[in-house]
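[1] Build the 3D model from these lines:
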Amino acid sequence: MEFVTALTNIISGNGYINVSDLRDILRALDENVSEEELDEMISEIDADGSGTVDFDEFMEMMSGE
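    Numbers count the residues shown, from 1 in each chain. The predicted structure follows:
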């Protein structure tokens, strides 16, 4: 459900999700992920370091690029 909410925010909302929401989504997908692993994933996903993930960054994450 969090994934759907995040995607809805990106598509029809403000055009991005913030990193703290993304952290919650990633944790929900894998409860065993460490904080260090989350930090690493987020730094890769939030390529421009803006603290938000825009549609392009989100799609890159989802496609595994």
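[2] count of residues packed around the residue nearest to Ala47 when sequence neighbours are not counted?
    Distances taken as Cβ to Cβ, 6 or more residues apart in numbering put Glu57 closest to Ala47, at 5.9 Å, once the chain neighbours are dropped. All C-beta spots, glycine's among them, are computed from the backbone N, C-alpha and C. Glu57: 20 surrounding residues under other Cβ atoms under 10 Å.
[3] secondary structure class for Glu57?
    helix (DSSP: H, G, I helix; E, B strand; the rest coil).
[4] confidence score at the residue positioned nearest the centre of the chain?
    Most central in the chain under Cα atoms, centre = their mean is Leu22, positioned 3.6 Å from the mean C-alpha point. pLDDT, Leu22: 80.
[5] Could you do Gly15 as well?
    Gly15 is assigned 74 on the pLDDT scale.
[6] right, and it touches Phe55 too?
    Yes: the pair Gly15 and Phe55 passes the contact test of Cβ atoms under 8 Å, sitting 6.4 Å apart.
[7] rewinding a little: give me the distance between the residue nearest to the centre of the chain and Glu35.
    Per Cβ to Cβ, to the nearest Å, Leu22 is found 14 Å from Glu35.
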